[in-house]
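Trainee: Okay, sequence plus prediction incoming.
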Amino acid sequence: MMISERESPRHVARLSRMRQRAMALLERPLRSEFQSQPTALTVAAPRLLRRSLPASPLPLALALLFAQSLAVALAGALSAVLHRPIGQAAWAGQTASIAFAAAGMFALLRGSIAAIDLRRRSDSLPVLLKTLAALGLAELAALGAAALLLGAEGYGPRGEMLRVASTWLASSAAMVAALHAIAAGYAERAARRGWLAKQIVVVGNDAPAVGFIAAAQSCKDHFSVKGYFDERQKATSGLLGGVPSLGGLDELADYVREEGIDEVVIALPWSAEARIMGVVERLGHLPVPIRLAPEPMLWRSGLGRMGQDLLAVMPVLRDKPISDWDLFVKSLFDRFLGSLALLAALPSMAMIALLIRLDSPGPVLFRQKRLGFNGHPFEVFKFRTMTVSADPGAGLRQASRFDRRVTRIGGFLRRTSLDELPQLLNVLRGEMSLVGPRPHPMWTRASELWPEEGDRPMESIVAGYAARHRVRPGITGWAQVCGYRGETETVAKMMLRVEHDLHYIDNWSLWFDVKIMALTLITVIGGKNAY
């Protein structure tokens, strides 16, 4: 497996720094008893834990968020009805509407802490206090709006509004706290039964693998090691620390994808930098964190007794690009805007479909298998812009300037990117995002674009190419708005496109998506590099 010259020295240096930090952590534990006295490891663990350990499962967090928001809305509506001034029926209706608006505001504020781990008792009270603070801010804003709205229209005395506010605040706070306690209790019971345990696979069968598996097995309510893979062989056999062999690296990617594995732990000697980075490159397309297991000296120092804090002190070689909560927010954003865009575009899409049928024989839509999130293939939709050829290989060649296959209406659609509109259906189906790396056809190999490179996979030439599959592909992306769209007739152009895609993945935010969509409109108007 190729490791680019640009990447390899950086990773080797990073591993060296990790080893130095590990030895610094070991210095104090080796001079004292790990169980009885605080050490550098035990002091550093809580700080690392807040950044590194996984959040509670997303469905539980979302269910709690929905239940708490609904409780806020119902408490406000009931308070408005109970304290309704005589003869002013509209007052209760408008106040109830404000209560539901406050519930939405609470959901937005609460969403920023929705992924806090409810399984940890030490986190329960701080999370509850933050939740109540979000509730207070949302209701304060709602009451301010109510005072302006209702006071301007002359509804009810101030005393009634104060009674509504106090009743609403007390009842909603009680309901939110009760729901939080129920969810935290359920999460703790589920964790004890192993229902929330992280699914982990190990790469390697050396001493670090034995130490990590033993430590993880001692805390089965938090970690479940499904098995190990040997990166040096295609097939292995036998048990290691009580867990089975699952094959070599060729089988690992499919296993992670099909079994819903949460994390991959590379348990190789830290001195084997080339082997470690070779594994990281092979697994670069997986959207799961890849950690490095400590060396045997750390296990002997007492690291194996850290329990659920174990992962906190394990270096992350490649992190998950977008957290589960952020992924949910991005998906919600995509489907909401995608639905609005599709409704707005339906008349134009109908007209385009008619023009395509009148311009040349063949189907209106062009369908092609492409690689998506986590390497899953899916069928992408586009308006057909080329003539239908009897040669099945003709449609696989990348379009070039003055390409005779492009129809008259097809040229206009490609310049304006209107041929991409049907991909809004892919967004609503959850196969694509509005913003992300552009999906490349499954057939894409070096020989299809650059015959002189031979019949090799793209990732053997362009470092990081496979890592684009760690997020959902998009209708538009950072590379496209920066001018790297259209034909990639040289390896250098493909490298620049991939570098921009990886920059997007590493720096994702919702505002970054909004920025790219705004720049896309400017780029589409210019029509540069699209043919």
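Mentor: Thanks, I have it.

Trainee: mind listing what's buried in stretch 427-444?
Mentor: Neighbour-count burial for stretch 427-444, counted by 16 or more other C-beta atoms under 10 Å, picks out 427, 431-440, 444. From N, CA and C alone the C-beta is placed, and that goes for glycine too.

Trainee: Tell me how far Glu420 lies from Phe381.
Mentor: 9 Å (C-beta to C-beta, to the nearest Å).

Trainee: residues contacting Leu413?
Mentor: Residues touching Leu413, when contacts are defined by C-beta atoms under 8 Å, 6 or more residues apart in numbering, comprise 352, 383, 385, 419.

Trainee: Mind checking which of those are in strands?
Mentor: Using DSSP state E, Phe383 are the members of the contacts of Leu413 that sit in strands.

Trainee: Quick check: the farthest pair among the contacts of Leu413?
Mentor: Spatial extent of those (C-beta to C-beta) is set by the pair Ile352 and Thr385 at 10.4 Å.

Trainee: Backbone dihedrals for Ala350, please?
Mentor: Ala350 adopts backbone torsions of phi -60, psi -40, taken as degrees, to the nearest 10.

Trainee: could I have stretch 343-358 exported to CSV, CA atoms only?
Mentor: The C-alpha atoms that make up stretch 343-358 are tabulated as CSV, following Å, rounded to 0.1, in the frame of the first residue of the first chain:
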residue,chain,number,x,y,z
LEU,A,343,-40.4,21.7,-4.6
ALA,A,344,-39.0,25.0,-6.0
ALA,A,345,-37.3,23.2,-8.9
LEU,A,346,-40.1,20.9,-10.0
PRO,A,347,-41.5,23.2,-12.7
SER,A,348,-38.0,23.7,-14.1
MET,A,349,-37.2,20.0,-13.9
ALA,A,350,-40.4,19.2,-15.9
MET,A,351,-39.4,21.7,-18.6
ILE,A,352,-35.8,20.3,-18.7
ALA,A,353,-37.2,16.7,-19.0
LEU,A,354,-39.4,17.8,-22.0
LEU,A,355,-36.4,19.5,-23.8
ILE,A,356,-34.2,16.4,-23.3
ARG,A,357,-36.9,14.2,-24.9
LEU,A,358,-37.3,16.6,-27.8
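
Trainee: And it, what's buried?
Mentor: Across stretch 343-358, burial judged by 16+ other C-beta under 10 Å covers 349, 352-353, 355-356.

Trainee: From the structure, what's the count of residues near Pro361?
Mentor: Pro361 sits with 7 neighbouring residues when counted by other C-beta atoms under 10 Å.

Trainee: Enumerate every residue touching it.
Mentor: When contacts are taken as C-beta under 8 Å, 6+ apart, Pro361 is in contact with Val388.

Trainee: Which secondary structure state is assigned to it?
Mentor: The three-state assignment at Pro361 reads coil, by DSSP: H, G, I helix; E, B strand; the rest coil.

Trainee: give me the low-pLDDT residue ranges for the stretch 401-531 of the chain?
Mentor: Low-confidence segments of the stretch 401-531 of the chain (pLDDT under 70): 401-403, 443-457, 459-460, 486-489, 525-531.

Trainee: where exactly do the strands run in it?
Mentor: Across the stretch 401-531 of the chain, reading from the start of the chain, the strands by DSSP state E, counting those that start in this stretch fall at 433-435, 474-476.

Trainee: With distance to Pro244 as extra columns, can I get those in CSV?
Mentor: Supplementary listing: the strands of the stretch 401-531 of the chain in CSV, determined by distance: least, C-beta to C-beta, whole Å:
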stretch, distance to Pro244
strand 433-435, 36
strand 474-476, 39
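
Trainee: And the ones you listed: which comes nearest Ile461?
Mentor: Each of the strands of the stretch 401-531 of the chain has some distance to Ile461 by C-beta to C-beta; the shortest is strand 474-476, at 23.1 Å.

Trainee: what helices or strands is the closest one leaning on?
Mentor: Helices and strands in packing contact with strand 474-476 are listed as helix 423-428, strand 433-435, helix 510-526; criterion 3 or more C-beta pairs under 8 Å, 6 or more residues apart in numbering; DSSP states H and E.

Trainee: That strand: partners in the sheet, and parallel or antiparallel?
Mentor: For strand 474-476, the pairing partners within the sheet under DSSP bridges are strand 433-435 (parallel).

Trainee: Restricting to C-alpha, output the one helix or strand Glu281 maps to in CSV.
Mentor: When elements are defined using DSSP states H and E, Glu281 is found to belong to helix 273-282. Only the C-alpha atoms of helix 273-282 are listed here, as CSV (Å, rounded to 0.1, in the frame of the first residue of the first chain):
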residue,chain,number,x,y,z
GLU,A,273,5.9,2.9,12.4
ALA,A,274,5.7,1.7,8.8
ARG,A,275,3.3,-1.1,9.8
ILE,A,276,1.1,1.2,11.8
MET,A,277,0.9,3.8,9.1
GLY,A,278,0.3,1.2,6.5
VAL,A,279,-2.7,0.0,8.4
VAL,A,280,-4.0,3.6,8.9
GLU,A,281,-3.7,4.2,5.1
ARG,A,282,-5.5,1.0,4.3
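
Trainee: in it, what's buried?
Mentor: Result for helix 273-282 [16+ other C-beta under 10 Å]: buried residues 273, 275-282.

Trainee: what's the next secondary structure element after it?
Mentor: Beyond helix 273-282 toward the C-terminal end (DSSP H and E), the next one is strand 290-292.

Trainee: Which other helices and strands does that next one contact?
Mentor: If you count contacts as 3+ C-beta pairs under 8 Å, 6+ apart, strand 290-292 packs onto strand 263-266, strand 316-318.

Trainee: Which other helices and strands does the first one contact?
Mentor: Contacts of strand 263-266 with other secondary structure elements, assessed using 3+ C-beta pairs under 8 Å, 6+ apart, are made with strand 198-203, helix 273-282, strand 290-292.

Trainee: so where is the stretch 1-150 of the chain shaky, pLDDT-wise?
Mentor: Residues of the stretch 1-150 of the chain that meet the cut-off, pLDDT under 70, sit at 1-57, 83-95, 111-125, 145-150.

Trainee: For Leu62, give its distance to Phe412.
Mentor: Distance of Leu62 to Phe412, given as C-beta to C-beta: 43 Å.

Trainee: Kindly apply the preceding question to Leu434 instead.
Mentor: If you measure Leu434 against Phe412 using C-beta to C-beta, the figure is 23 Å.

Trainee: Name all residues that make contact with the closest residue to Glu420 other than its chain neighbours.
Mentor: Nearest residue to Glu420 in three dimensions, chain neighbours excluded: Ile475, at 5.4 Å (C-beta to C-beta, 6 or more residues apart in numbering). Under the criterion of C-beta under 8 Å, 6+ apart, the contact partners of Ile475 comprise 420, 423-424, 427, 432-435.

Trainee: let's go with 10 Å and repeat that
Mentor: 334, 338, 341, 380, 417, 420-424, 426-427, 432-436, 438-439, 517, 520 (C-beta atoms under 10 Å, 6 or more residues apart in numbering).

Trainee: same question, Ile505
Mentor: When contacts are taken as C-beta under 10 Å, 6+ apart, Ile505 is in contact with 287, 321-322, 436-437, 464, 467-471, 477-478.

Trainee: Before I go, just wanted to say thanks for your time.
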